[in-house]
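Engineer: Turn this into a structure:
(one chain, ligands or ions: 2)
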Amino acid sequence: MTIAKALTIAGSDSGGGAGIQADLKTFQELNTFGMSVITALTAQNTLGVHGVFPQSLEAIEAQLNAVLSDIGTDAVKTGMLFSADIISLVATKLKEYKVTNIVVDPVMVAKGGASLLLDEATKALIEELLPIATVITPNLPEAAKIVGLKDITSLEEMKQVVVDLHKLGPKYVVLKGGHLTDGPAVDLLFDGKTIHELETKRIDTKHTHGTGCTFAAAIAAELAKGADIVKAVETAKAFITIAITHSLHIGGGIGPTNHAAYRRLANEK
Ligand SMILES: Nc1ncnc2c1ncn2[C@@H]1O[C@H](COP(=O)(O)OP(=O)(O)O)[C@@H](O)[C@H]1O
Ligand SMILES: Cc1ncc(COP(=O)(O)OP(=O)(O)O)c(N)n1
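Structural biologist: Ligands and ions are numbered 1, 2, ... in the order given. Next comes the predicted model:
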C-alpha cells in the first residue's frame, strides 16, 4: 500500500495542542504518513509556555538526514524554528534534498505571548526560508513583522500585505485573518495573480490553541496527496473550522482544537 508522506519540522508542545503534536495528529487525520524533526522542546499547557529548550544543530541535522535520506517526503511543514542558525540549517537541507511542497508557517509568538522565534532570526526567515517556500501562512502579527508594519487591522490592509509578502519569494501566500477582532474569519490566498478569499463564520470560543499549526499542517497534507493549492487551502480551512467548532475544553486556559472532528463528521455522512 502506498501513502503520501508529510514531514513537520517544528517545536514540541507538551500540552499536545500545537507544534509537532498538532501537526502529526492533522497528518494522521488527513490520511498521510507523518514524520517529525523536533527543533525545540517547549514545556507548555493550556495556560501558556513555561519553558523553551532549543535542540542542538547536531540533533536537528541528524533528524533531517535520517528522514530525508531514507524515507523522503511529499511535503514539509515548518513551524517553530527559534533561531537564525536553525533556519539556515533547515533551508540548506531542504535544498540539498530537493524537497518540494514546502509550507512555511512563520511561527513567532504563542497566543499567551511567549516568544518562539528570536527577534534577530526574522532576517534569516525572510532571506533564506521565504524564497524557497511553496506557500507561507503568516497570521496578522507575523505578517506585520515581516513587512515592517505596526499592525494589520482590516481586510483592505490584508489585501495589500498579501501582495507585498508574495514579493519576498514564496510561490503562494495565505494570510490568515484569525486575529481580526470582528467579522467573519477571512483568509486570503494569493497566487501571484488573483487574491482568493476564504471566509467562514467566526466561531465564538476561546479554545483556539494550535489553530495556525493545524491549518498549515492540513495544507501540507493535502499538497502531499497531490491537491492543487486552492483545493489544499480550501480543505485546510474546512478542517480547522470543524476543529475549532468542536474544540476541547481541557485544562484551565486556552484549550486545543479537536483534530479528530473532521474525519468523524465525514464518516457520519
Ligand atoms: N474564532 C475563529 N473562528 C473561525 N475560524 C478561526 C477563528 N480563529 C482562527 N480561525 C481560523 O483559523 C486559522 C488559523 O488562524 P490564526 O488563528 O490567525 O492563526 P495562528 O494560530 O497562527 O495565530 C485561519 O484559517 C483562521 O481564519
Ligand atoms: C511548539 C509550538 N509551536 C507553535 C506554537 C504556536 O502555535 P499556533 O498554532 O500559532 O497556536 P497558539 O499557540 O498561538 O495558540 C506553539 N504554541 N507551540
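Engineer: where are the low-confidence patches of the chain?
Structural biologist: Counting by pLDDT under 70, the chain contains no low-confidence segment.
Engineer: residues from it in reach of ligand 1?
Structural biologist: With C-beta under 6 Å from any ligand atom as the criterion, the chain comes near ligand 1 at residues 139, 176-179, 185, 187, 200, 202-203, 208, 211-212, 215, 237, 240-241, 244. The C-beta positions use only the backbone N, C-alpha and C, and glycine is treated the same way.
Engineer: Now which of those would you call buried?
Structural biologist: 139, 176-179, 185, 187, 200, 202, 208, 211-212, 215, 237, 240-241, 244 (16 or more other C-beta atoms under 10 Å).
Engineer: from the residues you listed, which ones fall inside strands?
Structural biologist: Secondary structure assignment by DSSP state E places 185, 187, 200 of those in strands.
Engineer: contacting residues for the first one?
Structural biologist: For A185, the set of contacting residues under the criterion of C-beta atoms under 8 Å, 6 or more residues apart in numbering consists of 177-178, 199-203, 241.
Engineer: that older thread, among the buried ones among the residues of the chain next to ligand 1, which are in reach of ligand 2?
Structural biologist: Of these, the ones that also sit near ligand 2 (C-beta under 6 Å from any ligand atom) are 211-212.
Engineer: The protein: helices as residue ranges?
Structural biologist: Ranges of helices in the chain, per DSSP state H, are 19-29, 57-70, 84-96, 122-124, 140-147, 155-166, 211-224, 229-245, 261-268.
Engineer: how near is I254 to I38?
Structural biologist: For I254, the distance to I38 (C-beta to C-beta, to the nearest Å) stands at 23 Å.
Engineer: Tell me the residue of the stretch 1-150 of the chain that sits nearest ligand 1?
Structural biologist: Minimum separation of the stretch 1-150 of the chain from ligand 1 (C-beta to the nearest ligand atom) falls at N139, amounting to 3.6 Å.
Engineer: Find the nearest non-adjacent residue to that residue, please.
Structural biologist: Nearest in space to N139, with sequence neighbours left out and distances taken as C-beta to C-beta, 6 or more residues apart in numbering, is K176 at 4.8 Å.
Engineer: Now that that neighbour has come up, it's in contact with F215, right?
Structural biologist: Yes: with contact defined as C-beta atoms under 8 Å, K176 reaches F215; the gap is 6.9 Å.
Engineer: give the contact list for the residue of the stretch 51-200 of the chain found nearest ligand 1.
Structural biologist: Nearest to ligand 1 in the stretch 51-200 of the chain, going by C-beta to the nearest ligand atom, is G178, at a distance of 2.3 Å. By C-beta under 8 Å, 6+ apart, the contact set of G178 is 139-140, 185, 187, 208, 211-212.
Engineer: Quick check: T8 touching F33?
Structural biologist: No: assessed by C-beta under 8 Å, T8 is found out of contact with F33, at 11.8 Å.
Engineer: more crowded one of the two?
Structural biologist: Between T8 and F33, counting by other C-beta atoms under 10 Å, T8 is the more crowded of the two (31 against 17).
Engineer: How much space separates that one from I152?
Structural biologist: Here the distance between T8 and I152 works out to 27 Å (C-beta to C-beta).
Engineer: And for V99?
Structural biologist: Counting by C-beta to C-beta, the gap from V99 to I152 is 30 Å.
Engineer: Which of those two has more residues huddled nearby?
Structural biologist: I152 (24 against 21).
Engineer: how about the nearest residue to that one, chain neighbours excluded?
Structural biologist: Ranked by C-beta to C-beta, 6+ apart and with sequence neighbours excluded, the top spatial neighbour of I152 is L140, at 4.6 Å.
Engineer: cool, G169 as well?
Structural biologist: G169 sits nearest to P131 (C-beta to C-beta, 6+ apart), 3.2 Å away.
Engineer: Next one: the lengthiest strand in the chain, is it in contact with ligand 2?
Structural biologist: Ranked by residue count under DSSP E, the longest strand found in the chain is strand 33-45. Yes: judged by C-beta under 6 Å from any ligand atom, strand 33-45 comes into contact with ligand 2 at 42, 44.
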